[in-house]
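Colleague: Next input, structure requested:
(2 chains)
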Amino acid sequence: DVKVTQSSRYLVKRTGEKVFLECVQDMDHENMFWYRQDPGLGLRLIYFSYDVKMKEKGDIPEGYSVSREKKERFSLILESASTNQTSMYLCASRGPTSWEQYFGPGTRLTVT
Amino acid sequence: AQSVAQPEDQVNVAEGNPLTVKCTYSVSGNPYLFWYVQYPNRGLQFLLKYITGDNLVKGSYGFEAEFNKSQTSFHLKKPSALVSDSALYFCAVRGSGTYKYIFGTGTRLKVLA
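Modeller: Modelled structure (predicted):
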């Protein structure tokens, strides 16, 4: 079974802090994704990576950056956290021969 | 532009009755369609997908979905609901030639004992 893990389940940060959210998958998948989930808005794509050091902006990249130095790890960075970035953050991966995504358990981030 | 609509925020059904969770989509080219389920404080779990072939697809936990090209719909169904099916359900679509998956806003299914 594919396993996608995220570094924290719950995180509380202060406004202006730099925040790192880490995601690791164990299936050698090329494609990895970061989404945020908000009630009534579903999942919205922040960034996508299709290979090491390769990335594409999603629908809501403002205020975020990403890093993919190794194939199994995809990090989301909030350069200067703001209260409107309080949300559930979900990481996903997808292999080359399957179309479905595999999701991590999510990180619920609160910015105060 | 790609889009997915889940017209119902919540669906209530009695245990043992059939359930339907609705999804319609708009995409250029052939659609790749998916259903996911999310239990409280968990990530999304894949249920089933339609890529090509038979319009009726079967997935995990007894769920199935029917692809209807003329109505651009992909409704999720189960013949007999269980209380443990209560969760948040997301429909998603991926258009051909794009890496992006578009998710619906989710439908909360509540199965009443």
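Colleague: B:Y36: what's it in contact with?
Modeller: B:Y36 is in contact with A:F103, B:L44, B:Q45, B:F46, B:L47, B:Y89, B:F90, B:A92, counting by C-beta atoms under 8 Å, 6 or more residues apart in numbering or on different chains. C-betas here are computed from N, CA, C, even on glycine.
Colleague: How about A:M54?
Modeller: By C-beta under 8 Å, 6+ apart, the residues touching A:M54 are A:R68.
Colleague: If I look at it, what pLDDT would I see?
Modeller: We note a pLDDT of 91 for A:M54 in this prediction.
Colleague: Bridged to it, which residues?
Modeller: Counting by DSSP bridges, A:M54 forms beta bridges with A:D51.
Colleague: Tell me the residues on chain A that lie near chain B, please.
Modeller: With C-beta under 8 Å from any C-beta of the partner chain as the criterion, chain A comes near chain B at residues A:4, A:9, A:31, A:33, A:35, A:40-45, A:48, A:50, A:56, A:58-59, A:90, A:92, A:99-106, A:108.
Colleague: Mind doing that once more with 7 Å?
Modeller: A:31, A:40-43, A:45, A:48, A:50, A:56, A:90, A:99-101, A:103-106 (C-beta under 7 Å from any C-beta of the partner chain).
Colleague: Separate out the buried members of those residues.
Modeller: Buried members of the residues of chain A next to chain B, scored by 16 or more other C-beta atoms under 10 Å in any protein chain shown, are A:N31, A:G42, A:L43, A:L45, A:F48, A:L90, A:E100, A:Q101, A:F103, A:G104, A:P105, A:G106.
Colleague: Among the residues of chain A next to chain B, which are located in strands?
Modeller: Residues of the residues of chain A next to chain B located in strands (DSSP state E): A:N31, A:G42, A:L43, A:L45, A:F48, A:Y50, A:E56, A:L90, A:F103.
Colleague: ok, which pair from those is furthest apart?
Modeller: The span of these, defined through C-beta to C-beta, is set by A:G42 and A:Y50 at 22.5 Å.
Colleague: hang on, the earlier thing: select from the contacts of B:Y36 every entry located in strands.
Modeller: A:F103, B:L44, B:Q45, B:F46, B:L47, B:Y89, B:F90, B:A92.
Colleague: In CSV: those, plus distance to B:Q71.
Modeller: Converted to CSV, these look like this (distance: C-beta to C-beta, whole Å):
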residue, distance to B:Q71
A:F103, 28
B:L44, 25
B:Q45, 27
B:F46, 24
B:L47, 20
B:Y89, 19
B:F90, 20
B:A92, 18
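Colleague: can you tell me which two in these are farthest apart?
Modeller: Largest separation among those by C-beta to C-beta: A:F103 and B:Y89, giving 13.9 Å.
Colleague: are any of the contacts of B:Y36 buried, and which?
Modeller: A:F103, B:L44, B:F46, B:L47, B:Y89, B:F90, B:A92.
Colleague: which non-adjacent residue is nearest the third one?
Modeller: For B:F46, ignoring the flanking residues on the chain, the nearest one in space by C-beta to C-beta, 6 or more residues apart in numbering or on different chains is A:E100 at 4.5 Å.
Colleague: Surely that neighbour is in contact with B:L47?
Modeller: No: counting by C-beta atoms under 7 Å, A:E100 sits too far from B:L47 to count as a contact (9.2 Å).
Colleague: check contacts around residue 9.
Modeller: Defaulting to chain A. Counting by C-beta atoms under 7 Å, 6 or more residues apart in numbering or on different chains, A:R9 makes contact with A:P105, A:T107, A:R108.
Colleague: try again with chain B
Modeller: Applying C-beta under 7 Å, 6+ apart to B:D9 gives the contacts B:T107, B:R108.
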